[in-house]
Every structure is written in C-alpha cells, then in structure tokens.
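> Here's my sequence, what's the structure:
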Amino acid sequence: MDLKDKWISEVENSIHPINRPEINPYLYGKIVNRLQAQSALYIKPKFIWISAISFILLLLLNIIIFTSGSGVKTNESDVKHISRAFHLMNENTINYN
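The predicted structure is shown next:
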C-alpha cells in the first residue's frame, strides 16, 4: 500500500466513530399535520365575488372613458407653455458629441 492509498483509507475511516443522528419519532406526524392544516385554508367566496365585481366595474369605467369623445382638448401652445414652466423640455442647444 503506497502513501496515497494509506491517506485515502485514513480519511475514509475517520468518520467511523461518528454516530448517526437520532430522528425524532414524531417528525413525520408533525409534517403531515402541518400539510393538512395548510390545505384547510381557503378564500371566502364573498371576497372572490367582491373582487370580481370591482374588477368588472373598473374595466367598464375604463372602457367608457376611452370610448367617450369628450376628452380634454389641449392646444400645442398650452403644452409648450406648461413644459417650459416646469422645465420639462430640454432647451440646451450645446452638442456634447
């Protein structure tokens, strides 16, 4: 047996005095109980109906607003005036290339 094989066998045999950990005998029962308790959770049908109705009303309101022709009409000069007042337009004419 050469030095390398001897070292490998020493490393493999170094874990023999270590005992296997003891498993809690009630662990499986605890896991099963938690899984069954989580499956009992559900959303109430009243909450589902309220959510569905509010979603439908919001959708209808959006459709009505977008299809109506009475939107806010703005002039281009008004938009430019507001954008200059709030410094939203870049009026810098310097070329940085």
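
> what about the helices in this protein?
Here the chain has its helices, by DSSP state H, at 3-13, 27-39, 45-67, 76-85.

> which stretches of the protein have low pLDDT?
Scanning the chain for pLDDT under 70 picks out 1, 38-41, 69-74, 96-97.

> returning to that earlier point: can you lay out the helices of the chain as a markdown table showing mean neighbour count and distance to Asn95?
C-beta: built from backbone N, CA, C; applies to glycine. Shown next, in a markdown table, are the helices of the chain (neighbours: other Cβ atoms under 10 Å; distance: least, Cβ to Cβ, whole Å):
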| stretch | mean neighbour count | distance to Asn95 |
| --- | --- | --- |
| helix 3-13 | 9 | 70 |
| helix 27-39 | 9 | 63 |
| helix 45-67 | 10 | 41 |
| helix 76-85 | 10 | 21 |
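
> ok now stretch 3-12, how far from the chain's centre?
The chain centroid and the centroid of stretch 3-12 are separated by 50 Å, computed with Cα atoms, centre = their mean, to the nearest Å.

> now stretch 20-34
With Cα atoms, centre = their mean, you get 32 Å for stretch 20-34.
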